[in-house]
Each structure stands twice: as C-alpha cells, then as structure tokens.
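In: For reference, the sequence and a predicted model appear below.
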Amino acid sequence: MKEANLNTASLESDSETITNADTPVLNSIGQTLRNHLTEQSSAEAGQPANQRRSVNMEDIVRAHHVLREVIVRTPLQRDEVLSTKYHCNVYLKREDLQVVRSFKIRGAYNMIRSLTPEELSKGIVCASAGNHAQGVAFSCNALSIHGKIYMPSTTPNQKVKQVKRFGGSNIEVVLIGDTYDDAYENAIKDCRENGLTFIHPFDQPKIIAGNGTIAMEVMESLDAPLDYVFVTIGGGGLAAGVGTYIKTVSPSTRIVGVEPMGAASMSEAIMRKEVVTLDEIDKFIDGAAVKRVGDITYDICSRTLDDVVKVPEGKACTTILDLYNENAIVVEPAGALSVAALDLYREQIMGKNVVCIISGGNNDIDRMQEIKERSLMYEGIKHYFLVNFPQRSGALREFLQDVLGPNDDITNFEYTKKHNKENGPALVGIELNSTDDYLPLIERMNRKNIQFTELNKDQNLFNMLL
C-alpha cells in the first residue's frame, strides 16, 4: 500500500480531458433527445397524474438550461491508470471539480430556482451536515434569498465555515442537536410554523432532475456507445436522475448503483420491495450514509438501475488513496464508491466503455490518517490484538523474538503492568509486509500458547478501544 503523498499535484495527471468545461460537445444522442422532447411531453400530458413518471426527460433538459447560470460543466476524463488496470475505457465524470466540490449544487439550485416569488421572499430551509448544505448556501447567495441551514451541533467547524463562506450574508446557520435527525426535525418544525419551503437533500423531483443533468453531459461528451455507468447511492437522488436520463437515451447501458456496506438502505429496500428504515448505519462514508432512501428515488431506482452493489468502507478508503497516489485526484469517501465497485465487475467491463461518477471531493485532510488505517485493515496488512501477557520478567521480549516475523512491525503498543495478577492485557498493533504473513503470525501465537483477541474481527470492541 502506497502512503498518501499530500504534496500538491496536478489534477490532470494521467488523465485525458474528453470535453472542455466551457465548450459542450453535442453529439447525435443529445440532438436526437431534443428532437423527441415535444413528442414525449405530449404523450405524458395525456396520462392520468398518478401514472406519470415523477421525473422525465423534459424536466432534466429544463434543469440543464437553468443550471447553466451557475454550475461548472465538469470534465469527462479517460483515466489511463484505471483503463489499463481493468482492460477497458474508464471515464471519470469529475463532479469533485464542481463549484462546491460536489454534485449537490445541481439539485439544490434547480429546486430553489423553481420556487415562486412569494416562496422565495419567505426564505428556504434545509437540514444537512455536508454537501447539500453547501449547495443550498451557494444557491441562496447566487439568488440573493434568505436561507436557514440546520446542522447538528457535532458538525466539524471546518464544514460550518465552508457553508458560511458559500452562503455569505444570505444564510443563517443553526447548530442544534447531536445528530442529523435532530437537525431535520427542527428544520421541518421551522417550516411548518413559519410557512417556509424545505429543500430536501434527495427526494424531490426538481432535485432529481437537477442531478440528472450529469448524465446529460456524459452522453453529450462521449462519442462512443456507453456500456456501464457506476453511480453512488446515498438517498438515491443522484442515481434516480442519472437512471432516468440514461435509460431513456441509451436503454442498453447498464447502470450500477453503489452503496456503502454499512449503510445499504437502497439494497434493503429493493430486496424487500418497499422503502425501509435501517436500525443502525456506519456513518464513516458520511456523504452516502442514509438510514432511509426516498420514496420517489426508490421508485425510480427500482425501475432504472440494473444492479445495486455494496462496497466495504475499507475498500472505499483504499480507492481514495489509490486515486490520490496514482491520479492526483482528491475524493471524499462517497465520491470513491463508483470506482471502488469496478473490482466487482472486472470480467463484465473488459473491453467496454465505462463511466464512474465522482460525486464529490470534500474530504477533510484530518481524516486521512483514519482513511489510511481503515485501508490497511481492509487489505489485511494492519491487525490489532488484545494480548494477555504473563506478568513475569521477559514475557514481552519473548513475544518480540519468538512471535513477530522478520518483516512484521509493531505500530501500536499500550501496556501497563498489573500487580497481584498473573496476566495483563496489552493493546498491540502489527503491520505486516504482506497478507501472506498473517497466518504464520497467528500460528506462532498459538504455538506459544499466547491468549489473544483479534480486534479486527470485533467491530464494537475495536471502536471502544481505538
């Protein structure tokens, strides 16, 4: 595993820009779409309201025209490293280069821009601890309207500052409660009491349509047929928008939604054929850690996605480090999910044209050590043990001499000698040179009759001690 090099590097390293951000390339697919919009709109107009799609192509094209006021048309880049690794053409849609460093501005601005003058004059409200808050703040500033952004009081100060920077004097940040749910409940209460409009992070047609413009740009920029699209799923707003557009203009393209293993709310909903609320989730991949997907997003995703897969949090961490070390691309954990899923499709994507949507790049540099740690543990290189040492002279020396391999390295050791006890526990972190060194290490510990507990295999105990 390469160590993350945090020196500044060019974002263009090992990547070929397919489209200039300021010069859209309109291919035949995009032109054909425009020619058929009137026909599609007329067909839907004749349907009963309860049978119409919640988001259609006309919604996305309209959103595209609205968003040209503020967004960056992010580049689609052929990635040489990934293309060589997977023996196919891998293109990255770089939403990490968006004006707020994530795709969230697309849905937020499109939704807010659609409000009536009366609704805008009253102001808007949202609840978020991350990218959605930044998208809403930017939109409020761009449209000179007042916005209240509810954030948990536990939100890192850096994120609060970013939201205030994007929103300027047009926003008010309200820090309340310990969790997102607390912030959400207070935001909804404010809306009800004061007649304000709530800007949902994902489950709203205008939000979904705004997100769908990403797929529109992809199809206009790619000159070859698109075989696979990999897209992050949190609440489902991004996948729903992308799915709506892609399946209309290119039905044969396979769309794969990617969720964190510890917050797979869409997978669970599709399996049960109804939206469910997960009891607990792993919040590490915060940009996609959602207990319950939206009703609208579930309906669209269940019809447009060909597959939904789950990626372990540790695998996402490995992908973050690889993208930085090999491509000089900084992504947040949620932004790495689409690329992380490629390993699951090695055979299927060989020789194909593949797009991975990099959903965001708002990564806190203070998290890099934890990201590296999780990556090493996932790769089987880093292991933590509670070792019960005999309380006698020389016990630690014997462990070092007889148990550790020649290339094993102790990276963590916490031990306090206990009086009047036969044994004393020590927290030991060991970094191996190779995954092949793991079983020999365990065999030596067993041969020496050493009592130990592997913390890597007990997440609750690991979280408590580390």
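Out: Thanks, I have the structure now.
In: what's in contact with stretch 340-356?
Out: Counting contacts by Cβ atoms under 8 Å, 6 or more residues apart in numbering, the residues outside stretch 340-356 that touch it are 76, 82, 86-93, 218, 222, 224-230, 256, 258, 309, 311, 315-316, 318-319, 338-339. (Each C-beta comes from the backbone N, C-alpha and C, glycine too.)
In: State the helix or strand in which the residue positioned nearest the centre of the chain lies.
Out: The centroid of the chain falls nearest to Ala334 when counting by Cα atoms, centre = their mean (1.4 Å). When elements are assigned from DSSP states H and E, Ala334 belongs to helix 333-340.
In: Kindly provide the whole-number mean pLDDT of the very next helix or strand once past that helix.
Out: As assigned by DSSP H and E, the chain's next helix or strand after helix 333-340 is helix 346-349. For helix 346-349, mean pLDDT is 98.
In: would you put the C-alpha positions of whichever helix or strand comes after helix 346-349 in PDB?
Out: For helix 346-349, the following helix or strand on the C-terminal side (DSSP H and E) is strand 353-358. The C-alpha coordinates for strand 353-358 follow below in PDB (Å, rounded to 0.1, in the frame of the first residue of the first chain):
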ATOM      1  CA  ASN A 353     -16.800   1.900 -22.200                       C
ATOM      2  CA  VAL A 354     -17.400   2.700 -18.500                       C
ATOM      3  CA  VAL A 355     -18.200   5.900 -16.700                       C
ATOM      4  CA  CYS A 356     -17.700   6.400 -13.000                       C
ATOM      5  CA  ILE A 357     -19.300   9.400 -11.500                       C
ATOM      6  CA  ILE A 358     -17.000  11.000  -8.900                       C
END
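In: Now find how far off-centre the helix or strand following strand 353-358 is within its chain.
Out: Where DSSP H and E defines the elements, the next helix or strand beyond strand 353-358 is helix 368-378. In terms of Cα atoms, centre = their mean, to the nearest Å, the centre of helix 368-378 is found 16 Å from the chain centre.
In: Show me what helix 368-378 is packed against.
Out: helix 313-327, strand 382-390 (3 or more Cβ pairs under 8 Å, 6 or more residues apart in numbering; DSSP states H and E).
In: The ones you listed: lowest mean pLDDT?
Out: strand 382-390 (a mean of 92).
In: So which elements touch it?
Out: Strand 382-390 sits against helix 368-378, strand 409-415, strand 423-431, strand 451-454, helix 459-465, with contacts defined as 3+ Cβ pairs under 8 Å, 6+ apart.
In: when you compare where that strand runs with where strand 423-431 runs, what's the angle?
Out: Calculated by axes from the mean of the first three to the mean of the last three Cα atoms, to 10 degrees, strand 382-390 forms an angle of 160 degrees with strand 423-431.
In: now whichever helix or strand comes after strand 382-390: how far from the chain's centre is it?
Out: Where DSSP H and E defines the elements, the next helix or strand beyond strand 382-390 is helix 395-398. Distance of helix 395-398 from the chain centroid (Cα atoms, centre = their mean) equals 45 Å.
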